[in-house]
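Engineer: After the sequence you'll find the predicted model.
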Amino acid sequence: MTGRRHFLGGLLAAGFMPCVTWADAGSPTFLSAAATRDGKYVLCGIGADLALRFTLPLPARGHAAAAHPTRPEAVAFARRPGTFAIVLDCSSGAQLAELSAPDGRHFYGHGTFSSDGRLLFTTENDFESGLGRIGAWDSENGYHRVAEWDSGGIGPHDIKRLPGTDVLVVANGGIETHPDTGRTKLNIPTMAPNLAYIDNGTVIESAALPDDMHKNSIRHLAVNARHKVAIGMQWQGDGPAPALVATHQRGQAIQLLSATPDQTRRMNNYIGSVAYSGDGLQIVVTSPRGGMLQVFDVATGRVEHVLEQVDISGVAASGRGFVYSAGAGELAQVFGNGDETTAQNDVMWDNHLIRV
């Protein structure tokens, strides 16, 4: 111990200290919010082998998280409409900061980091104006808020960064809400969802659905290496949804993926999460309300496989395939050849699995 203290002291004196990385937090591959059986809320790190790497307390129910690209830091977001986001050191368990939404705002449960990890971007509701905002927070200076931008629409929910760039893509769900009425949807007849691309605070492109699908709320996103965006939607109209899954490439129109009326009906008008498979050949969507996972073939745009699982929701790329989570504690890895391995955990998983 004395030798170690002298060694560390020498490093400090010389201005050197080893960088703490995600390996110091057990090298998790995924993050997910969860609830314990005794009613507590936690953020979990999950390894590629589906084993828990850490479990850290949250003050209330979480939704999604954002993983810093280099440091073992995770930002856990409150479930919408929430006003807190907790920054956790996943190697020590310490809380590093708490982000509070500015007056008149609430978070939507999602965020993402810039490519260098210096800035965290959050989706927010300016509930007096009804407009969506993007908050920018400096992770190098205690997560101090440094800017805010127009999200390009109403009700921004999910937000991703196009790989290798700092261009953000935002799912503007189109639904106006106000904390005074909880999660009540205030503008269904006039809602207008869109997908917005933002570069350094400026909306550089947006894409909308056809007018007869304006009640299809764009909610969750996944992005592949070629910057193609997979879109999961939630239908707010009367009757069955016309479609719930789509893709978009910049400069083109949104393309709806094909599913039979029965396949769409079984998703109960609701996509909870979306991901590309690890080999990029499939788009995977889940519906906790329908108890259903569907796998779309990217080349044909058609459903090629379905899986029934009660309260299934989280999904993320893994290897050549994907991993999914379900509310009763199940985790499963589906390989490219269709084989599956499962694990059972003593927690109830929340909506999303986030890749580290």
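Structural biologist: Thanks, I have the structure now. Numbering: from 1, shown residues only.
Engineer: who are the neighbours in contact with residue 211?
Structural biologist: For residue 211, the set of contacting residues under the criterion of C-beta atoms under 8 Å, 6 or more residues apart in numbering is empty. Placement of C-beta: from N, CA and C, glycine included.
Engineer: how close does it sit to residue 190?
Structural biologist: From residue 211 over to residue 190 the distance is 12 Å, taken as C-beta to C-beta, to the nearest Å.
Engineer: and residue 103, what pLDDT?
Structural biologist: Here, the pLDDT recorded for residue 103 equals 92.
Engineer: Only alpha carbons, please: show stretch 63-82 as CSV.
Structural biologist: In CSV, the C-alpha atoms belonging to stretch 63-82 read as follows (Å, rounded to 0.1, in the frame of the first residue of the first chain):
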residue,chain,number,x,y,z
HIS,A,63,-36.5,5.9,-18.8
ALA,A,64,-33.4,5.9,-21.0
ALA,A,65,-29.7,6.8,-20.4
ALA,A,66,-26.7,8.2,-22.2
ALA,A,67,-23.2,6.7,-22.0
HIS,A,68,-20.2,9.0,-22.2
PRO,A,69,-18.0,7.9,-25.1
THR,A,70,-14.8,7.5,-23.1
ARG,A,71,-15.4,8.0,-19.4
PRO,A,72,-17.4,5.6,-17.3
GLU,A,73,-20.2,8.2,-16.8
ALA,A,74,-23.9,7.6,-17.5
VAL,A,75,-26.7,10.1,-17.5
ALA,A,76,-30.0,8.5,-16.3
PHE,A,77,-33.1,10.4,-17.4
ALA,A,78,-36.4,10.5,-15.5
ARG,A,79,-39.5,9.0,-17.2
ARG,A,80,-41.4,11.6,-19.2
PRO,A,81,-42.5,14.2,-18.0
GLY,A,82,-39.5,14.4,-15.6
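Engineer: Check the gap between residue 183 and residue 195 for me.
Structural biologist: Taken as C-beta to C-beta, the span from residue 183 to residue 195 is 22 Å.
Engineer: quick one: which of those two has more around it?
Structural biologist: Neighbours of residue 183 and residue 195, each counted by other C-beta atoms under 10 Å, are more numerous for residue 195; the result is 23 against 10.
Engineer: correct me, but that one touches residue 217?
Structural biologist: No: with the criterion set as C-beta atoms under 8 Å, residue 195 and residue 217 do not qualify as a contacting pair; they are 11.8 Å apart.
Engineer: host element of residue 263?
Structural biologist: Taking DSSP states H and E as the criterion, residue 263 maps to helix 261-265.
Engineer: Quick one: low-confidence residue ranges for this protein.
Structural biologist: Scanning the chain with the threshold set as pLDDT under 70 gives 1-18.
Engineer: Helices of the protein, start to end?
Structural biologist: Taking DSSP state H, the helices of the chain run over residues 2-13, 261-265.
Engineer: before we move on, the earlier item: how about the helix holding residue 263: buried residues?
Structural biologist: Judged by neighbour count (16 or more other C-beta atoms under 10 Å), helix 261-265 contains these buried residues: residue 264.
Engineer: Same question for stretch 178-187.
Structural biologist: Of the residues in stretch 178-187, none is buried (16+ other C-beta under 10 Å).
Engineer: Then stretch 312-324?
Structural biologist: Counting neighbours by 16+ other C-beta under 10 Å, one finds that the buried residues in stretch 312-324 are 312, 313, 314, 315, 316, 317, 318, 321, 322, 323, 324.
Engineer: Contacts for that stretch, please.
Structural biologist: By C-beta under 8 Å, 6+ apart, the list of residues contacting stretch 312-324 from outside reads 29-30, 32, 48, 50, 272-279, 282, 284-288, 291-293, 307, 309, 325-327, 331-336, 349-355.
Engineer: Residue 265 contacts residue 242, doesn't it?
Structural biologist: No: applying C-beta under 8 Å as the test, residue 265 and residue 242 come out as separate, 11.2 Å apart.
Engineer: just how off-centre is stretch 68-83 within its chain?
Structural biologist: On the basis of C-alpha atoms, centre = their mean, to the nearest Å, stretch 68-83 is displaced by 10 Å from the centre of the chain it belongs to.
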